[in-house]
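Enquirer: with the sequence up front, the predicted model follows.
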Amino acid sequence: MAAKGLEGVVVAQSRLSDINGEVGELIYAGYDIDDLARNTTFEEVCYLLWNGELPTPTQLEEFSAHLRKHATLRPEVVEMIRNYPTDADPMAAVRTAVSALGMFDPDADDISIESVRHKAIFLTAQTPAIVAAYERVRNGKEPLDPKPDLGFAANFLYMLNGEEANETRVRTMDVALVLHAEHGMNASTFAARVTAGTLADVYSAVTSALGTLKGPSHGGANVEVMNMLREIDESGEDPGAWVRNALSGGKKVMGFGHRVYKATDPRATVLRELADKIMAEAGETRWLDLSDRIRAVMAEEMEKKGKKIYPNVDFFSASVYSTLGISMDLFTAVFAIARMPGWTAHLLEQYADNRLIRPGSDYIGPRDRKVTPLSER
Ligand SMILES: CC(=O)SCCNC(=O)CCNC(=O)[C@H](O)C(C)(C)COP(=O)(O)OP(=O)(O)OC[C@H]1O[C@@H](n2cnc3c(N)ncnc32)[C@H](O)[C@@H]1OP(=O)(O)O
Ligand SMILES: O=C([O-])CC(=O)C(=O)O
């Protein structure tokens, strides 16, 4: 019997993360996500995923300098981005630019572990620069180089907005990146591993992942959550009535439900806290109030139906990114920046112990047919 959507099928062993979906727990390499979100930076989490250990201060300094060194886009890539349509989906722009990076790398096809580790750093450093450059170019602004004295999250916000963000905003961005960095055998990671399983190169594998993350059932849901919040806000309709109406029409409410979590996603809890803090500072709590209302109605409705559908990581990230001033259609691209270390950490595992990934299918079509000559059909 086919496992539709490969639910419950285990396809690899991994040291990277584990999810207890029944109680809503997530660990990266043994550390609880809540602990990591409160006490580490994105750079430390990248190091953890690629090395299995958190860095010492000296290791972190060296590693962060290495990441920064690769954060400037080569002129050919900037030129390419200038020629992208200004109304393209940002995920299409990022997918295309990341794919193009492979053409400029003379060692693109080197899948030795040493080379894959180098590419993991390079791609993680380049992705925020690509997202920021596309955002600036489509708004008629000049792309900016990163600043050598800023950390990863601060540099992304600087390259995007052209000014340095305050400490609360930088820390909010940093925590959001930590929370999105890795999540087991999710669809985009699986896509990356399938591509790597053919011994294709790292750029091809992360391009597969980017294409997969874009879908609204996966990373694309954060854009859809914001669309929903805006739609409800603009309609002036009661949010409860809107949600009930959507559910009775057979629609899924974006930002809810998960293949693995049958309890609240622990990342949603941290993001809710972040949203609260940053919105209070901005003096604008509209999106959070609306999100809370939707969550309450969903809880009531799902309880009535006996379904374990709770907010996922995409639900509150929409309010957080929006309050950070990030354009709505960039949200999935921001997710991609954060997931790059997770994807590449999985590639390190895949290349180190590879076997072609090739599942089977149950054939349910007809058999024993004979071709009727074309002229007689
Ligand atoms: C980063 C991430 O990828 S997190 C997920 C982001 N995606 C979203 O937020 C999109 C909305 N959510 C969904 O579409 C789904 O919950 C998925 C795709 C995430 C998980 O899908 P699956 O594990 O295949 O669950 P499936 O779609 O079969 O849903 C199971 C049941 O819950 C219901 N359900 C699932 N999600 C929702 C939702 N968001 N709203 C309402 N009902 C839902 C389904 O209708 C289904 O009901 P049924 O059994 O009566 O037919
Ligand atoms: O794990 C999944 O199925 C989806 C995902 O990437 C996440 O929740 O971060």
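Expert: Arrived safely, thanks for sending. Ligands and ions are numbered 1, 2, ... in the order given.

Enquirer: and for Lys4, the neighbour number?
Expert: A count of nearby residues for Lys4, using other CB atoms under 10 Å, gives 6. Quick note: C-beta positions are derived from backbone N, CA and C, even for glycine.

Enquirer: swap that for Ser361, please
Expert: By other CB under 10 Å, the residues close to Ser361 number 6.

Enquirer: residue contacts, it?
Expert: Counting by CB atoms under 8 Å, 6 or more residues apart in numbering, Ser361 touches Ala2.

Enquirer: can you verify it is assigned to a helix?
Expert: No. Counting by DSSP: H, G, I helix; E, B strand; the rest coil, Ser361 is located in no helix; its state is coil.

Enquirer: pLDDT wise, what is it at?
Expert: On pLDDT, Ser361 comes in at 93.

Enquirer: can you list the residues of the stretch 151-300 of the chain near ligand 2?
Expert: His183, Gly184, Asn186, His218, Arg259, Val260 (CB under 6 Å from any ligand atom).

Enquirer: next, the nearest residue to the fourth one once chain neighbours are set aside: phi, psi?
Expert: What it means is His218. Distances taken as CB to CB, 6 or more residues apart in numbering place Ala187 nearest to His218, at 5.1 Å, with adjacent residues excluded. In terms of degrees, to the nearest 10, the main-chain angles of Ala187 are phi -60, psi -40.

Enquirer: does Ala187 touch Pro216 like I think?
Expert: No. Applying CB atoms under 8 Å, one finds Ala187 not in contact with Pro216, separated by 11.8 Å.

Enquirer: picking up where we left off before, please report the distance of the residue nearest to His218 from His258.
Expert: As defined by CB to CB, to the nearest Å, Ala187 lies at a distance of 12 Å from His258.

Enquirer: of these two, who's got more company?
Expert: A count of neighbours by other CB under 10 Å puts His258 above the other of Ala187 and His258, at 22 against 18.

Enquirer: double-check that the more buried one belongs to a helix.
Expert: No. Counting by three-state DSSP, His258 is not found in a helix; it is coil.

Enquirer: ok, it touching Asp265?
Expert: Yes. Between His258 and Asp265 there is a contact under CB under 8 Å: 6.2 Å.

Enquirer: pull up the overlap in contacts between the two.
Expert: With CB under 8 Å, 6+ apart as the test, His258 and Asp265 both reach Tyr310, Asn312.

Enquirer: got the contact list for the nearest residue to Pro55 once chain neighbours are set aside?
Expert: Nearest residue to Pro55 in three dimensions, chain neighbours excluded: Tyr47, at 4.5 Å (CB to CB, 6+ apart). Contacts for Tyr47 (CB under 8 Å, 6+ apart) come out as Glu53, Leu54, Pro55, Gln59, Leu60, Phe63.

Enquirer: nearest residue to the middle of the chain?
Expert: In the chain, the C-alpha closest to the average C-alpha coordinate belongs to Phe335, at a distance of 3.1 Å (CA atoms, centre = their mean).

Enquirer: Lys262 - that's part of a helix, no?
Expert: No. Under three-state DSSP, Lys262 sits outside any helix and is assigned coil.

Enquirer: mind pulling up the pLDDT for it?
Expert: At Lys262, the pLDDT value in this model is 96.

Enquirer: surely it is in contact with Asn312?
Expert: No. Lys262 is beyond contact range of Asn312, at 11.5 Å (criterion: CB under 8 Å).

Enquirer: so which of those two has more stuff around it?
Expert: Asn312 (23 against 16).

Enquirer: from ligand 1, how far off is that one?
Expert: 4 Å (CB to the nearest ligand atom, to the nearest Å).

Enquirer: noted, bye for now.
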